[in-house]
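Asker: below: sequence and its predicted model.
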Amino acid sequence: QVPLVESGGGLVQAGDSLRLSCAAKGRTFSTMGWFRQPPGKEREFVAEIRWSGGVTSYAASAKGRFTISRDIAKNTVYLQMNSLKPDDTAVYYCAAAPSGFGYVHWGQGTQVTVSS
């Protein structure tokens, strides 16, 4: 299991920003992404980025407020979250997909709490 080390969660107020980081140790992947699980709900897709070329895609809830990016040299993916809302409160998970596979590697999760 390749470790994905996440950081950057915390408690913020509505309208604030946070940046999550996820470092993949030991190898690179075809695609890396972020998912979240709000309290009492299923895990849902937030954003992903193709490592080669940097093509991105977003959930409707993230478009215009969140930006996913990568640092190839650091083998790290970021999620910049702006204009946070209480509905963004969730455990955020980093995930990685090898070429030809779906998301098979998951981080430990980092809590993001947005107060109103």
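Answerer: Perfect, thanks for sending it.
Asker: just give the nearest non-adjacent residue to the residue positioned nearest the centre of the chain, would you?
Answerer: Among the residues of the chain, the one closest to the centroid is residue 34, at 2.8 Å (CA atoms, centre = their mean). Among residues not flanking residue 34 along the chain, residue 46 sits closest, at 4.3 Å (CB to CB, 6 or more residues apart in numbering). For every residue, glycine as well, the C-beta is placed using N, CA and C.
Asker: sec struct for that neighbour, please.
Answerer: Look at residue 46: counting by DSSP: H, G, I helix; E, B strand; the rest coil, its state is strand.
Asker: against residue 7, how distant is it?
Answerer: Here the distance between residue 46 and residue 7 works out to 16 Å (CB to CB, to the nearest Å).
Asker: of these two, which one has the most company?
Answerer: residue 46 (23 against 14; other CB atoms under 10 Å).
Asker: give me the low-pLDDT residue ranges for this protein?
Answerer: Applying pLDDT under 70 to the chain flags residues 1.
Asker: can you get me the start-to-end distance on stretch 97-109?
Answerer: Across stretch 97-109, the straight-line distance between its terminal residues is 16 Å, by CA to CA, to the nearest Å.
Asker: centre of the chain to that stretch, how far?
Answerer: In terms of CA atoms, centre = their mean, to the nearest Å, the centre of stretch 97-109 is set 12 Å apart from its chain centre.
Asker: now that stretch: buried residues?
Answerer: Neighbour-count burial for stretch 97-109, with 16 or more other CB atoms under 10 Å as criterion, is recorded at 97, 103, 105, 107, 109.
Asker: just stretch 29-48 next, same as before
Answerer: Buried residues in stretch 29-48, defined by neighbour count with 16+ other CB under 10 Å: 29, 31-36, 45-48.
Asker: same question, stretch 77-93
Answerer: Going by 16+ other CB under 10 Å, stretch 77-93 has these buried residues: 77-79, 81, 84, 88-93.
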